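Chemist: sequence and predicted model, in that order:
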Amino acid sequence: MDPRVEQFMAQLIAKNPNENEFHQAVQEVAESLIPFIEENPKYKHAKVLERIAEPERVILFRVPWLDDKGEIQINKGYRLEMNSAIGPYKGGLRFHPTVNLSILKFLAFEQVLKNSLTTLPMGGGKGGSDFDPKGKSDNEVMRFCQSFMTELCKHIGANTDVPAGDIGVGGREIGYMFGQYKRIRNEFVGVLTGKGIQYGGSLIRPEATGYGAVYFAEEMMKTRGESFKGKTVAVSGSGNVAQYAIEKATQLGGKCVTLSDSAGFIHDPNGIDAEKLAYIMELKNVKRGRIKEYADKYGCEYYEGKRPWGIKCDVALPSATQNEINEEDAKTLVANGCFVVSEGANMPSTPEAVEVYIKNKILYGPGKAANAGGVAVSGLEMSQNSLRLSWTREEVDQRLHQIMKDIHATCEKYGKDSEGFINYVNGANIGGFVKVAEAMLAQGAV
Ligand code: NDP
Ligand code: 2IT
């Protein structure tokens, strides 16, 4: 390891012990940025990297709620306001039993650079709870969301901090939280994104992350004269991001053959077409069932407790969770001919897996670039709320597509090496950093 990175990380780890996911996310960025900062000493003197690795504010609170039996349950609630140099804090809420400070700090840190890459004026934040929506009734989810927002509403606002969805938080949860915010604060404002279309949501926001990850993959493939036509695509997850990644990849001529959840994955060699996707959306978004039911219905293989990376594919779209592709998985993907990895999820590849991609010079789009379409359309939802009007599907989709092309161009600008290989990791890290760093320099020691 570069001794300068080693020294920086030793200090970060001493200040933030036991936060492994946070260390992992910062180290990847530091490896790209430290050589760049050495060439641009103004950032070094102003300690911009040290500052962006320290949250501006961490809010931690108790979330008490009554379950259907009338018993009190207690969860932890969090909001991490990471950086507001270029706009109000912006980023999702995750409801999952694994949520802790380390996970939210890694997500908030990534979000700062991701939001900068979108070209829109958004700072970075993240929040959530260790609440597990699985197996809860609608009423329990509503009471939890209302209690969560009763505290959170003191800290957020349309010009301060604008949360949205992430794992375990979709349209249902955003609706309950929006209703409670409005009731307590007595104002109808764009304080959350991912809202329903009837009350200020944007068309294409549900689709945006998955579509964006596919648009980004398409841009990467274009650099090698390739496209989705006839390509076999492996997707993980079966939630919001995975569903719309499949929809767009299929529309562009790809054949998506896998899907997963935390219990296992399915392999459908015939491809997941529009009709099968409609079944998945009903299964996952309405019935809230398990992916195994797909295998039972369509008579394909289900692999209990396994991840899909052993299936032969040309393109991988990891869209479930962090660290779901390890070194072995990455080697298997490459050995099977996979030459594109576009990350719908946040940090789904371990550092060792990323090393495999780079060494083999495959097209690797890291999450902060490839999945930025979700927050980008959140930014467009904020614009529409401010204007008090709504754009058409075509208009929002066209803007999303252009933003993904622009992010690709930024990665190329900052990530192309002397041999012409585009290192999208360096490109996204440096490209995201520059705007935030310049804004922080201009604003002084804040
Ligand atoms: P959803 O809650 O809609 O879906 C999550 C999916 O991932 C489910 O299939 C879930 O399975 C699976 N999953 C979650 N945790 C694990 C785990 N520990 N191990 C295996 N599988 C798991 O979330 P999203 O689709 O919104 O988010 C997926 C990823 O995309 C996350 O990394 C998120 O941070 C990222 N992302 C999301 C954006 C958005 O706009 N929603 C924007 C940018 C990135 P199960 O149901 O069994 O838990
Ligand atoms: O990780 C992410 O970018 C998100 N979960 C979406 C954040 C947002 O504010 O739309």
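Modeler: Alright, I've got the coordinates. Ligands and ions are numbered 1, 2, ... in the order given.
Chemist: so which residues on the chain come close to ligand 1?
Modeler: For the chain, the contact set with ligand 1 under Cβ under 6 Å from any ligand atom comprises 165-168, 170, 209, 237-242, 261-263, 319-321, 344-346, 371, 374. Placement of C-beta: from N, CA and C, glycine included.
Chemist: out of those residues, which end up buried?
Modeler: In the residues of the chain next to ligand 1, burial by neighbour count holds for 165-168, 170, 209, 237-242, 261, 319-321, 344-346, 371, 374, counting by 16 or more other Cβ atoms under 10 Å.
Chemist: so which of those are in strands?
Modeler: Among these, the members found in strands (DSSP state E) are D261.
Chemist: near ligand 2 too, which of the buried ones among the residues of the chain next to ligand 1?
Modeler: Counting by Cβ under 6 Å from any ligand atom, the members of these near ligand 2 are D166, N346, G374.
Chemist: okay if I get those as JSON lines plus pLDDT?
Modeler: Listed next are those as JSON lines, based on pLDDT from 0 to 100:
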{"residue": "D166", "pLDDT": "98"}
{"residue": "N346", "pLDDT": "99"}
{"residue": "G374", "pLDDT": "98"}
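Chemist: of those residues, closest to ligand 1?
Modeler: For those, the residue nearest ligand 1 by Cβ to the nearest ligand atom is G374; the value is 3.1 Å.
Chemist: find the nearest non-adjacent residue to the closest one, please.
Modeler: Beyond its immediate neighbours in the sequence, the residue positioned closest to G374 (Cβ to Cβ, 6 or more residues apart in numbering) is T209, lying 3.3 Å away.
Chemist: show me what contacts the closest residue to E355 other than its chain neighbours?
Modeler: Excluding the flanking residues, the one nearest E355 by Cβ to Cβ, 6+ apart is E327, at 7.6 Å. Neighbouring residues of E327 by Cβ atoms under 8 Å, 6 or more residues apart in numbering: T350, E352, A353, E355, V356.
Chemist: average pLDDT for stretch 201-212?
Modeler: Mean pLDDT, stretch 201-212: 98.
Chemist: which residues touch it?
Modeler: Around stretch 201-212, the neighbours that count as contacts under Cβ under 8 Å, 6+ apart are 171, 193-195, 197, 240-248, 319, 344, 370-374, 376-378, 380-381, 384, 390-393, 396-397, 400, 403-404.
Chemist: for stretch 69-78, same thing?
Modeler: Taking Cβ under 8 Å, 6+ apart as the rule, stretch 69-78 contacts 58-67, 99, 101, 104, 127-131, 144, 148, 151-152.
Chemist: PyMOL command for the buried members of those?
Modeler: Buried residues within those, by 16+ other Cβ under 10 Å, are selected in PyMOL with:
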select buried, resi 58+59+61+63+65+99+101+104+127+128+129+130+131+144+148+151+152
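Chemist: give me the subset of the contacts of stretch 69-78 lying in strands.
Modeler: Going by DSSP E, the strands hold V58, I59, L60, F61, R62, V63, P64, W65, L66, G127, G128, S129 from the contacts of stretch 69-78.
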